[in-house]
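In: Provide a 3D model corresponding to the input given below.
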Amino acid sequence: FFKQKTAYEMLRSLVGSEMCIRDSYNTFIPIISRYNISDSKFLFNEMLTKDINCDRLSEFFGRVLGDTVYIDSMTSLYNEHSYYIYKMCLMSALKYRTKKNYTYYTEKIRNYTIFQEDELANYLVLKASRDNIYKLYEHFIKKFSTSKYLNEIKRYVLLKMIPNDKDKALYILNQIDKNNYSSKDLNSISYELSVNGIGIYQAKILIESALNEFKFADITKKYFNSTVEKRRNLYKTNIAYMLDTYGYILLQEGDIDSSKMQFMKATDILDSIGEEDATILIHYAYILEKENVSEDSLLTIYGKIIAIEDCNEIIEKIKELYKKGGKPEKEFNHYIKKLRRKYRALKRVDIGIKNYSFTDINGNKYNLADFVNRVVIITFSKNDCGFCRAEAYDLKNLEEEYKDSKSVVFIHITPDSESKALEFKKKYQLKGIMIAGNRNISRELGITGFPTNIVIGPDGRIHYSIRGYFTDIKDMIEEIIRNELFID
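Out: Residues are numbered from 1 along each chain as shown. This next block holds a predicted model:
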């Protein structure tokens, strides 16, 4: 089907109605443009020769709109289609966000008389314009007062006005009917209003409406447990962002407790799908700062933020804490790199793991399912690995700390023989379950280096995978156990 020759033969064999011919061109031109742009141009020329309108070729135009010489040559050759060609180029430029072509095609279509009465073209020009947006908005709502694009235009212009013109933003805001917008749109408006300190009262009404519209309970039942993971995660992400917006508005109102609750809900939802968002964590950090929590707690959340993205504001806060410790300033950059590496390694995941069966060096048999409702730390190491030996001292201290706990289980898996595994266990006084000569588990879990630590939560799913050796591995795993998985 995708071979050009076959495509041509199929195209020419499709005889019959005009609709059949038109649809075949609209189908094959975009497909062929993915593989051979010159051949797709040939078919496009043939299409215009047959006087078939080109209003369904956004993918094709998305690939050729940068070649303005070619587009101009086609509009000269097929003048009766020139307006539609330019309009489709502008539509495709907006779709694929090729901003450098906005002005060129905007100017082209505005030269046609038909443009004045073309609702879609006016909508496209407004969205592509960088100047006089409000003036174009006023013209549009006056000229096309019943347009199907009116709600989208109001939302778009409002978002443009919020950071630039408070009075105009509030004027448009008062014209908006929240019932005409999706919860995602309401969230975007509410968030921009709140971060710019405009219309906080209206912003709160909009985000509360968005959360109510989303019908949290129904979404939880229908989508949170959906077998389509991508859909489930999308809905969870949308709810997390809405809760963050709501929390930020409550923070501005001074309601610290309620604000903290929203941020915690948002981070918990993202944690459940192995995601983190720097903005939500920054907002949560504001709460912790107001509560005067310990410096270690602040460093934890600051570390998570800079592991996701560079943030000068947070780096400066880390620097203040660093200076308090009396550490040399010349080593700060190295400290930041180390902190970033640590929290990138601590990125939470949510991966299922099957019920493995194994026998330890003492002949005791286990199933992974035996440890349900507990936190399981699985360490993959080798006797001849220097980093593994260095890590063993930290693991010994960690196991000692949790020796009386029924909530945490330590398992060591090595490809070494039983004699070497026993020697390793005795030398470093490890108390966990030692599994020797097992390569299947590490192979199936994609363990490619030593040491690697996997943390399985009480739900029986992998929550963290820490690859490589860290001098503070004990603190890292302890933090996961206590703070992330809420196990005493």
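In: which strands and helices lie in contact with the biggest helix by length in the chain?
Out: Across the chain, the helix with the greatest residue count (assigned by DSSP state H) is helix 229-252. With contacts defined as 3 or more CB pairs under 8 Å, 6 or more residues apart in numbering; DSSP states H and E, the secondary structure elements packing on helix 229-252 are helix 183-195, helix 200-213, helix 216-222, helix 256-272, helix 278-290. For the C-beta atoms, the positions are set from N, CA and C on the backbone; glycine is no exception.
In: for that helix, the averaged confidence score.
Out: Along helix 229-252, the predicted local confidence has a mean pLDDT of 87.
In: make JSON lines out of the helices and strands packed on helix 229-252 and add mean neighbour count and distance to residue 132.
Out: Output for those, formatted as JSON lines (neighbours: other CB atoms under 10 Å; distance: least, CB to CB, whole Å):
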{"stretch": "helix 183-195", "mean neighbour count": "22", "distance to residue 132": "21"}
{"stretch": "helix 200-213", "mean neighbour count": "19", "distance to residue 132": "26"}
{"stretch": "helix 216-222", "mean neighbour count": "12", "distance to residue 132": "41"}
{"stretch": "helix 256-272", "mean neighbour count": "19", "distance to residue 132": "38"}
{"stretch": "helix 278-290", "mean neighbour count": "19", "distance to residue 132": "31"}
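In: as TSV, the ones you listed with mean pLDDT and distance to residue 152 would be great.
Out: Rendered in TSV, the data for the helices and strands packed on helix 229-252 read as follows (pLDDT from 0 to 100; distance: least, CB to CB, whole Å):
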stretch	mean pLDDT	distance to residue 152
helix 183-195	92	9
helix 200-213	89	16
helix 216-222	47	24
helix 256-272	89	27
helix 278-290	92	25
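In: output those helices in JSON lines, with distance to residue 359 appended to each entry.
Out: What follows is the helices and strands packed on helix 229-252, written out as JSON lines (distance: least, CB to CB, whole Å):
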{"stretch": "helix 183-195", "distance to residue 359": "52"}
{"stretch": "helix 200-213", "distance to residue 359": "51"}
{"stretch": "helix 216-222", "distance to residue 359": "41"}
{"stretch": "helix 256-272", "distance to residue 359": "34"}
{"stretch": "helix 278-290", "distance to residue 359": "43"}
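In: so which of these gets nearest residue 406?
Out: Closest approach to residue 406 among the helices and strands packed on helix 229-252 is made by helix 256-272 (24.2 Å; CB to CB).
In: can I get the closest one in CSV, CA atoms only?
Out: Output in CSV follows, covering the C-alpha atoms of helix 256-272 (Å, rounded to 0.1, in the frame of the first residue of the first chain):
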residue,chain,number,x,y,z
ILE,A,256,-2.3,27.0,54.1
ASP,A,257,-3.9,23.7,55.4
SER,A,258,-6.3,23.3,52.5
SER,A,259,-3.7,24.4,50.0
LYS,A,260,-1.2,21.7,51.3
MET,A,261,-3.9,19.1,51.1
GLN,A,262,-4.5,19.8,47.3
PHE,A,263,-0.7,19.7,46.6
MET,A,264,-0.4,16.4,48.4
LYS,A,265,-3.3,14.9,46.5
ALA,A,266,-1.7,16.1,43.2
THR,A,267,1.7,14.7,44.0
ASP,A,268,0.2,11.4,45.2
ILE,A,269,-1.7,11.0,41.9
LEU,A,270,1.4,11.7,39.9
ASP,A,271,3.4,9.3,42.1
SER,A,272,0.9,6.5,41.3
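In: now do it: which elements does it pack against?
Out: Counting contacts by 3+ CB pairs under 8 Å, 6+ apart, helix 256-272 is packed against helix 229-252, helix 278-290.
In: who touches that helix?
Out: Identification of contacts with helix 256-272 by CB atoms under 8 Å, 6 or more residues apart in numbering yields 236-237, 239-241, 243-244, 246-248, 250-251, 276-277, 280-281, 283-284, 287, 290-291, 348, 350, 484.
In: same thing but at 7 Å, please
Out: 236, 239-240, 243-244, 246-247, 250-251, 276-277, 280, 283-284, 287, 290, 348, 350 (CB atoms under 7 Å, 6 or more residues apart in numbering).
In: just say helix, strand or coil for residue 383.
Out: Put simply, residue 383 is coil when judged by DSSP: H, G, I helix; E, B strand; the rest coil.
In: give me the number of residues near it?
Out: Applying other CB atoms under 10 Å, we find 18 other residues in the vicinity of residue 383.
In: hang on, residue 121 packs against residue 109?
Out: Yes: taking CB atoms under 7 Å as the contact criterion, residue 121 and residue 109 are neighbours in contact, 5.6 Å apart.
In: shared neighbours of these two, anything?
Out: Counting by CB under 7 Å, 6+ apart, the common neighbours of residue 121 and residue 109 are 87, 115.
In: all helices of the stretch 351-488 of the chain, in order?
Out: Remark: helices assigned in the stretch 351-488 of the chain by DSSP state H, counting those that start in this stretch are 386-401, 418-427, 440-444, 473-479.
In: residues contacting residue 121?
Out: Each residue near residue 121 by CB under 7 Å, 6+ apart is listed here: 87, 109, 115.
In: switch these over to TSV; also include pLDDT, secondary structure and neighbour count.
Out: As requested, those are arranged in TSV below (pLDDT from 0 to 100; DSSP: H, G, I helix; E, B strand; the rest coil; neighbours: other CB atoms under 10 Å):
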residue	pLDDT	secondary structure	neighbour count
87	95	helix	24
109	95	helix	24
115	95	helix	16
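In: where does this structure dip in pLDDT?
Out: The model of the chain has pLDDT under 70 over residues 1-22, 214-229, 483-488.
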